[in-house]
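**Q** Generate a structure from the sequence data that follows.
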Amino acid sequence: MKIALFPGSFDPLTIAHADILKRALPLFDKIIVGIGLNSSKQSFLSGEVRQQIVEAVFHDFDNVEVQSYEGLTVDFCRKINATYMIRGIRSVGDFEYERAISQINQTMMPEVETIFILSKPQYSAVSSTIVRDILRNHGDVTPFLPKEAFPFLRQA
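**A** Residues are numbered from 1 along each chain as shown. Model prediction:
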């Protein structure tokens, strides 16, 4: 069984994340969306709310599972038996950052292959960081988030 991990903070899940995941689905038997919890970072949404959003967006997909994790991503790959990691690339800067992480992960766990999926041009400017800033300032995020996320944001 080809199991892939799509790791990230997903704080919040954007339309760009959702697009990458939907495009990756035909490539794997199962994709686990790994919501990384980092105690040293101040999150906008709780891990529980982030998980609920991803589950709501992908509730019709039997081959998508959502789990939270702490610690090294490669250790989580071992735990869930993932041999692939999916990463979205929006820009050259993303590529350089993700390439470095991929090479370190490859050294730590050679059996995991990182798959880069390029963002569609219309999503290349969409990032969780920008969306969080818009949310903090009470702006309209409807163009940047899946519609299933909106009920959860009203609670935040």
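
**Q** count of neighbours near Arg154?
**A** 6 (other C-beta atoms under 10 Å). C-beta here means a position set from N, CA and C on the backbone, and glycine is covered the same way.

**Q** sorry, that was for Phe10
**A** 24.

**Q** quick one, phi/psi of it?
**A** When quoted as degrees, to the nearest 10, the phi and psi of Phe10 stand at phi 50, psi 50.

**Q** Helix or strand: which one has the spatially closest residue to it that is not a sequence neighbour?
**A** Excluding its sequence neighbours, the residue lying closest to Phe10 (C-beta to C-beta, 6 or more residues apart in numbering) is Arg50, at 5.0 Å. Arg50 is part of helix 47-57, with elements assigned from DSSP states H and E.

**Q** Which is the succeeding secondary structure element to that helix?
**A** Using DSSP H and E, the first helix or strand after helix 47-57 is strand 64-69.

**Q** buried stuff in that following strand?
**A** For strand 64-69, the neighbour count (16 or more other C-beta atoms under 10 Å) marks Val64, Glu65, Val66, Tyr69 as buried.

**Q** can you list contacts of whichever helix or strand comes after it?
**A** Once strand 64-69 ends, the next helix or strand along the chain (criterion: DSSP H and E) is helix 73-80. The contact list for helix 73-80 (C-beta atoms under 8 Å, 6 or more residues apart in numbering) reads 3, 5, 7, 32, 34, 36, 67, 69, 82-83, 85, 105, 108-109, 112.

**Q** Equivalent analysis for stretch 53-69, please.
**A** 10, 12-13, 18, 21, 25, 28-37, 45, 47, 50-51, 76, 79-80, 146, 148-149, 151-152.

**Q** mean confidence for it?
**A** Averaging pLDDT along stretch 53-69 gives 97.

**Q** ok now it, how far from the chain's centre?
**A** How far stretch 53-69 lies from its chain's middle: 11 Å, per C-alpha atoms, centre = their mean, to the nearest Å.

**Q** got the CA positions of the longest helix seen in the chain in PDB?
**A** Taking DSSP state H as the criterion, the chain has its longest helix at helix 92-108. Output in PDB follows, covering the C-alpha atoms of helix 92-108 (Å, rounded to 0.1, in the frame of the first residue of the first chain):
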ATOM      1  CA  VAL A  92      11.700  29.400  -5.800                       C
ATOM      2  CA  GLY A  93      12.000  30.300  -2.100                       C
ATOM      3  CA  ASP A  94       9.700  27.400  -1.200                       C
ATOM      4  CA  PHE A  95      11.700  25.100  -3.400                       C
ATOM      5  CA  GLU A  96      15.000  26.000  -1.800                       C
ATOM      6  CA  TYR A  97      13.500  25.500   1.700                       C
ATOM      7  CA  GLU A  98      11.800  22.300   0.900                       C
ATOM      8  CA  ARG A  99      14.800  20.900  -1.000                       C
ATOM      9  CA  ALA A 100      17.000  21.400   2.100                       C
ATOM     10  CA  ILE A 101      14.400  19.700   4.400                       C
ATOM     11  CA  SER A 102      13.900  16.900   1.900                       C
ATOM     12  CA  GLN A 103      17.700  16.200   1.800                       C
ATOM     13  CA  ILE A 104      17.900  16.100   5.600                       C
ATOM     14  CA  ASN A 105      14.900  13.900   5.800                       C
ATOM     15  CA  GLN A 106      16.500  11.600   3.100                       C
ATOM     16  CA  THR A 107      19.600  11.300   5.300                       C
ATOM     17  CA  MET A 108      17.600  10.500   8.400                       C
END
